[in-house]
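**Q** fold the stuff below for me.
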Amino acid sequence: MIQTIITHKCSRCESTNIVKNGHNKCSNQQYYCKACGAHRVLEPKQKYKQEDKETILQTYKERANLRGSERIFDISRITVLAWLREYVQKLPTLRETLLPVVPDDVLELDEMYSFVFKKENKNWIGTAISRKHRQIVAFVIGDRSEAICKRLWKRLPLAYRSLHTFSDFWQAYQNVFPKETHRSVGKESGETAHMERWYNTLRQRLGRFVRKTLSFSKSDVYHHIVLKWFVTEYNMEQSLLTI
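**A** Reported below is the predicted structural model:
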């Protein structure tokens with residue numbers, strides 16, 4: 001009979017004076033080092049390759065929720081969120097994704113209902129889309145107040161503020177946007193059709209923005225991170241289509 005003896009060492013101090021210390025959420029054996037006091041995984045899994053990370057994140061983006069990704073790829077959702085934060089930080093700013101403004105372009109404005117953790121915690125998404133380039137020029141998340149509308153106006157690049165704008169009859173638009181270039185219209189006019197169509201794309205692609213869903217955001221931070229991720233990559237895709 002052949003027996004193999006494996007001696008484990010602490011990954012911090014390389015001491016062999018370690019004992020088992022339960023399992024983590026991924027069912028991996030943990031240990032406690034009596035020499036340096038470290039709590040680590042006994043046999044950590046092999047690190048994911050960059051291609052694997054991109055595949056998992058892309059799956060999460062295509063309406064799969066975190067727990068679904070956790071079950072499919074056997075990976076902690078905490079790890080996926082860490083990858084997501086790292087990935088979004090490396091993305092260009094929204095302004096860097098915008099194509100040069102066209103003088104006869106038009107901005108369509110609208111707001112979409114969403115919520116965080118519970119439906120009583122409403123988070124309205126206000127956006128402005130370029131009719132020529134089909135790019136999201138600016139977006140904000142907050143309550144449906146005039147202050148949020150002002151934030152949307154301030155986030156518009158200066159070159160876009162002189163364009164004509166169309167919105168629904170929400171009074172905040174009429175108070176904030178210049179009366180000389182702004183018009184409030186009904187949905188039947190078709191003047192905000194591109195903006196409303198983009199909201200439909202957003203709801204189809206990201207489960208947390210569907211009207212009736214269990215894949216809702218648990219925190220305001222990730223609500224914003226995921227939306228920024230989607231909008232930035234959407235604008236980059238539209239840039240390639242225009243070119």
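
**Q** domain parsing for this structure?
**A** 1-45, 50-89, 95-242 (automatic domain parsing).

**Q** mean pLDDT for those domains - can I get that in CSV?
**A** Formatted as CSV, these follow (pLDDT from 0 to 100):
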stretch, mean pLDDT
domain 1-45, 88
domain 50-89, 84
domain 95-242, 89
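
**Q** could you export these as a markdown table, including mean neighbour count?
**A** The C-beta positions use only the backbone N, C-alpha and C, and glycine is treated the same way. Formatted as a markdown table, those follow (neighbours: other Cβ atoms under 10 Å):
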| stretch | mean neighbour count |
| --- | --- |
| domain 1-45 | 11 |
| domain 50-89 | 15 |
| domain 95-242 | 16 |
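
**Q** now do the SS call for Ile56.
**A** Using DSSP: H, G, I helix; E, B strand; the rest coil, the structure places Ile56 in helix.

**Q** for the chain, what spans make up the strands?
**A** Counting by DSSP state E, the chain has these strands, from start to end: 18-23, 29-33, 39-41, 106-112, 115-116, 118-122, 124-130, 136-142, 164-167, 182-184.

**Q** so which of the ones you listed is nearest Tyr60?
**A** strand 115-116 (17.6 Å; Cβ to Cβ).

**Q** contacts for the closest one, please.
**A** Strand 115-116 is contacted from outside by Asn121, Lys122, Asn123, Phe216, Ser217, Lys218, Ser219, Asp220, His223, using Cβ atoms under 8 Å, 6 or more residues apart in numbering.

**Q** ok, what's across the strand from the second one?
**A** Taking DSSP bridges, one finds Phe115 as the beta-bridge partners of Lys122.

**Q** wouldn't it be in contact with Met112 here?
**A** No. If you go by Cβ atoms under 8 Å, Lys122 and Met112 don't touch, sitting 10.9 Å apart.

**Q** find the centremost residue of the chain, please.
**A** Val226 (0.8 Å; Cα atoms, centre = their mean).

**Q** from Tyr173, how far off is that residue?
**A** 26 Å (Cβ to Cβ, to the nearest Å).

**Q** do the same with Lys47
**A** 49 Å.
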